[in-house]
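J.: no sequence for this one, just the structure:
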């Protein structure tokens, strides 16, 4: 940190270049592999780590060493090749986190195939859209989810199964993952994979429109893991993997990056707060990557005092914006734990004029780097609308950098509330609401108003001790914000709808409120 920049125009504290308008990282530039024929799996297993533990099942304690993991990846890849999966073929994975999930995804990419991941909670309708768009040749799933995918009449590869579920047609029998692992890895054919080849199709959450397939190349993954390697710890650490692998955060930043660095991943199949605390204690977890709703639980829950946290050194949050207030609250409660959020080459651009903005000025975040996607599958219009001619990605995030180069995300530009001539960030109001001891969770949206355009409306989940009313909440906010930021309407609900990574589904809230009118 704090390296001297080569250009005199770059401020040493913020990393801001006053000539180009670009914010530069304080870390040294990353040297990426120059070999054009390199895949992410080879990159991960390039170093022989032998009997060091790679993966651990949090529920059972079953583990794989790096040697075992690579052996299973090679065997599964050979098996996939024997059933006709090869370069460019898409394989869909519909399953919760597991050791087998990791082996399967690496095996697909190792034969030059393309992994497309799916939230296992998706409905058949949602799955059908992704099947139609990505055109998979094979679906990897578990017996409990067969009913969701059997209607697509595609070959099925079953994880954790040794017999055929009754709903599968005898005309299209499944392939068992255990049989795949018995394949001879020496019969794996030589596959020439380029860094620019597509490795994965990870679909957007669809919170602001149709879900789109984000094209991730092997080079994107290699670059992303290189960035994490530079910023990550030097010692071998134990990570708790609770972020879904189907999400880019779990797929790239945790699974690929941490295994490339030689760390140990303790995998939880699904999130359960107390099970997470048990796993931290049992496996002496040192680093915990999570999403904002879990940060909120760690701050508020009394359960944390029941478990031994002394092994935990770092907590990282990603996947959705986290307020400064919540970051500070976490630091106050856990002063012995380092708290981090993720940061690339960036611009902050005025949404009206297109002018690059200096520190402390708010605008849209633009990003550029080798880990940035090539675009959206089968959607050139959306790709063109998301990048400028030089490859800068318009993130849609409303942000600012401070004088020390720290990035603060206010909200999504599309979610800013337009109150008369003012812009109100819902996340700022949510951060204040969450400071109230009787508010368990909160979300704010813009509600149409004929005079103001939109008004801030709050959805509140109360704690067990509940003495709140609409007037109390309005007064609580009014004491702490400018007049135009006041909450004008309050709705009490049982739960805030969110994605698996903690993004508030504001469209669902709007529909929920409208349906009650």
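T.: Arrived safely, thanks for sending. The structure presented is a predicted model; accordingly, all values stated were derived computationally and were not measured.
J.: Could you chop this protein up by domain?
T.: Listed by automatic domain parsing, the domain ranges of the chain are 40-270, 345-411, 416-516.
J.: chain center to the shortest one, what's the gap?
T.: Translated: domain 345-411. 18 Å (CA atoms, centre = their mean, to the nearest Å).
J.: re the thing from before, out of the domains of the chain, nearest to residue 308?
T.: Nearest to residue 308 among the domains of the chain is domain 40-270 (14.0 Å), distances taken as CB to CB. C-beta: built from backbone N, CA, C; applies to glycine.
J.: mind listing the strands for the stretch 101-250 of the chain?
T.: Assigned strands in the stretch 101-250 of the chain, in chain order: 114-118, 138-141, 156-158, 175-176, 198-203, 213-217, 238-241 (criterion: DSSP state E, counting those that start in this stretch).
J.: Comparing the domains of the chain, which stretch has the densest surroundings?
T.: Mean neighbour count, computed with mean count of other CB atoms under 10 Å, is highest for domain 40-270 among those, reaching a mean of 19.
J.: distance between it and the chain's centre?
T.: Averaged C-alpha coordinates place domain 40-270 at 15 Å from its chain's average position (CA atoms, centre = their mean).
J.: hang on, the earlier thing: as CSV, the domains of the chain with mean pLDDT and distance to residue 13 would be great.
T.: Formatted as CSV, the domains of the chain follow (pLDDT from 0 to 100; distance: least, CB to CB, whole Å):
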stretch, mean pLDDT, distance to residue 13
domain 40-270, 90, 19
domain 345-411, 86, 5
domain 416-516, 87, 25
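J.: so which of these gets nearest residue 11?
T.: domain 345-411 (7.8 Å).
J.: related to what we said a few turns ago, can you lay out the domains of the chain as CSV showing distance to residue 303?
T.: Converted to CSV, those look like this (distance: least, CB to CB, whole Å):
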stretch, distance to residue 303
domain 40-270, 15
domain 345-411, 28
domain 416-516, 14
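J.: mind checking how far the residue nearest in space to the middle of the chain is from residue 352?
T.: For the chain, the residue nearest the mean C-alpha position is residue 249 (3.0 Å; CA atoms, centre = their mean). Look at residue 249 and residue 352: by CB to CB, to the nearest Å, they are 31 Å apart.
J.: Same question for residue 83.
T.: If you go by CB to CB, the gap between residue 83 and residue 352 works out to 55 Å.
J.: which residues touch the residue nearest to the centre of the chain?
T.: Contact analysis of residue 249 by CB atoms under 8 Å, 6 or more residues apart in numbering lists 243, 289, 291, 318-319, 501.
J.: tell me the two of those residues that are most distant?
T.: Maximum pairwise distance in the contacts of residue 249, criterion CB to CB, is 11.1 Å, between 289 and 501.
J.: quick one, helices of the stretch 251-400 of the chain?
T.: Residue ranges of the helices in the stretch 251-400 of the chain, as given by DSSP state H, counting those that start in this stretch, are 257-260, 273-282, 292-300, 324-333, 380-386.
J.: What distance do you get for residue 502 to residue 273?
T.: Distance of residue 502 to residue 273, computed by CB to CB: 13 Å.
J.: intersection of neighbour lists for those two?
T.: Here residue 502 and residue 273 share the contacting residues residue 294, scored by CB under 8 Å, 6+ apart.
J.: Residue 91: what's it in contact with?
T.: So residue 91 contacts 80, 85, 104, 108, 113-116, 136-140, 157 (CB under 8 Å, 6+ apart).
J.: secondary structure class for it?
T.: When classified by DSSP: H, G, I helix; E, B strand; the rest coil, residue 91 comes out as strand.
J.: beta partners for it?
T.: residue 115, residue 138 (DSSP bridges).
J.: any idea how far it is from residue 377?
T.: Residue 91 is 15 Å from residue 377, by CB to CB.
J.: Could you do residue 441 as well?
T.: Distance from residue 441 to residue 377, by CB to CB: 34 Å.
J.: For residue 211, which non-adjacent residue is spatially closest?
T.: Closest residue to residue 211 apart from its sequence neighbours, by CB to CB, 6 or more residues apart in numbering: residue 203 at 4.8 Å.
J.: do residue 374 as well
T.: Nearest non-adjacent residue to residue 374, counting by CB to CB, 6+ apart: residue 215, 4.7 Å away.
J.: Test my guess that the one you found contacts residue 376.
T.: Yes. The pair residue 215 and residue 376 qualifies as a contact (CB atoms under 8 Å) at a distance of 6.9 Å.
J.: Correct me if wrong: residue 304 contacts residue 288.
T.: No. Distance between residue 304 and residue 288: 11.9 Å, which falls outside the contact criterion (CB under 8 Å).
J.: With that, I have no additional questions.
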